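Q: the sequence and its predicted three-dimensional model are supplied below.
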Amino acid sequence: MPENGVLEHISYLQPTATTFSYGAATERSRERLDTLLLHVGDGENPAQFLDDVSARATQILSKHEKSSPDENAAHAVEQALRSAVLRSLREKAARELSRNATQKYPVFLVQVDRSQPGNIVTGAELTSFHH
């Protein structure tokens, strides 16, 4: 989630042991949070989940900024994303199973170092990781 508050959707959905690298941006750490079960047969998709996480994280950050404006921004973003993901996952897990097709996706919190502020992927969607 860059400074503009918009969660970047990276369209690479397969887990890999290869670290993320795109231009000057490189993965610093990766933590598997859980597994997401989507009811794809009912029209759910990963982009909708990420939109929900982004909205939740933005809401958490806006409340947090009012109460703790001096806290480290990177730490606050990480905590907001973690909380938003875990809340979304809990809500998805509490649903009844779909009678239609479902798909499982591993969910990771990935920290990326970058040379300048802003979005990491611009102009094109990332569809793979590099060695």
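A: Cool, got the structure.

Q: three-state assignment of the residue lying farthest from the centre of the chain?
A: What lies farthest from the middle of the chain is residue 99; by C-alpha atoms, centre = their mean that is 27.1 Å. Here residue 99 takes the coil state, with states given by DSSP: H, G, I helix; E, B strand; the rest coil.

Q: likewise residue 56?
A: helix.

Q: spit out the contact partners of it.
A: 83-84, 87-88 (C-beta atoms under 8 Å, 6 or more residues apart in numbering). The way it works is simple: take the backbone N, C-alpha and C, and place the C-beta from them, glycine included.

Q: okay, the residue farthest from the centre of the chain and residue 41: tell me how far apart.
A: Per C-beta to C-beta, to the nearest Å, residue 99 is found 8 Å from residue 41.

Q: hey, where'd the strands end up in the protein?
A: 21-22, 25-38, 103-113 (DSSP state E).

Q: which other helices and strands contact the longest one?
A: Looking back up the chat, that one is strand 25-38. Contacts defined by 3 or more C-beta pairs under 8 Å, 6 or more residues apart in numbering; DSSP states H and E place strand 25-38 against helix 46-67, helix 73-93, strand 103-113.

Q: what strands flank it, and is each parallel or antiparallel?
A: Its sheet considered, strand 25-38 pairs with strand 21-22 (antiparallel), strand 103-113 (antiparallel) by DSSP bridges.

Q: what average pLDDT does that strand get?
A: Averaged across strand 25-38, pLDDT comes to 88.

Q: just want the angle from that strand to helix 73-93.
A: Between the axis of strand 25-38 and that of helix 73-93 there is an angle of 20 degrees, by axes from the mean of the first three to the mean of the last three C-alpha atoms, to 10 degrees.

Q: residue 78: neighbouring residues, count only.
A: 17 (other C-beta atoms under 10 Å).

Q: that one against residue 85, yeah?
A: No. Judged on C-beta atoms under 8 Å, residue 78 makes no contact with residue 85 at a distance of 10.7 Å.

Q: mutual contacts of those two, please.
A: Each of residue 109 lies in contact with both residue 78 and residue 85 under the rule C-beta under 8 Å, 6+ apart.
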